[in-house]
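Enquirer: here is my input, please return the structure:
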Amino acid sequence: MAPRITDPKPAALLETELKELIIQSRKFSQKLKSVARDCHVDIHRERKATREVLQLILQKWIIEIIHILFIEETQRFNDLKRNLKGISSRTLTIKLRSLEDAGFVERKVISERPTIVEYTLTERGQILAELSTPIICHLKLECTSRG
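Expert: Numbering: from 1, shown residues only. Model (predicted):
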């Protein structure tokens, strides 16, 4: 099991900030909804684009890869594999290629012999990580407060 924040002060501060973020996110979402209605946004096209992205990021291992790269910033293939207990090399390769193709991850070859490759988040990947982190934290808080 992953380590938890056990010091009550930072945990309480983060929970307070998370609650404020949720309030601000709700306000922003209401503004966005109003603009979408007023501007007659093509909802069908937007839903299709959203569905395509969600189908990728909701696959097993994808959010974990995004968040490791968010926290660690740059990781080599073997470091990622070590951080993702239970993932095979083949699966990690497939997931990283999908993230690279979608523009979330950048692959950089450091040396050819031996082959050393580093992975980092692109700006798009960084935004995804920043937006999903509060959601994950909120869901964890709700689960722990119920249990």
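
Enquirer: helix, strand, or coil at the residue nearest in space to the middle of the chain?
Expert: Centroid-nearest residue in the chain, with Cα atoms, centre = their mean: residue 129, separated by 3.5 Å. Put simply, residue 129 is helix when judged by DSSP: H, G, I helix; E, B strand; the rest coil.

Enquirer: got the phi and psi for the residue of the chain most remote from its centre?
Expert: Residue farthest from the centre of the chain, counting by Cα atoms, centre = their mean, is residue 113 at 31.7 Å. With angles defined as degrees, to the nearest 10, residue 113 sits at phi -130, psi 110.

Enquirer: didn't the residue nearest to the centre of the chain look like it was pressed against residue 65?
Expert: No - assessed by Cβ atoms under 8 Å, residue 129 is found out of contact with residue 65, at 10.1 Å. C-beta: built from backbone N, CA, C; applies to glycine.

Enquirer: count of residues packed around residue 21?
Expert: 15 (other Cβ atoms under 10 Å).

Enquirer: if I look at it, what pLDDT would I see?
Expert: Per-residue confidence (pLDDT) for residue 21: 81.

Enquirer: now it: closest residue in space, sequence neighbours ignored.
Expert: Spatial nearest neighbour of residue 21, excluding adjacent residues (Cβ to Cβ, 6 or more residues apart in numbering): residue 134 at 5.3 Å.

Enquirer: quick check: longest helix of the protein.
Expert: The residue-count maximum for a helix in the chain (DSSP state H) belongs to helix 8-38.
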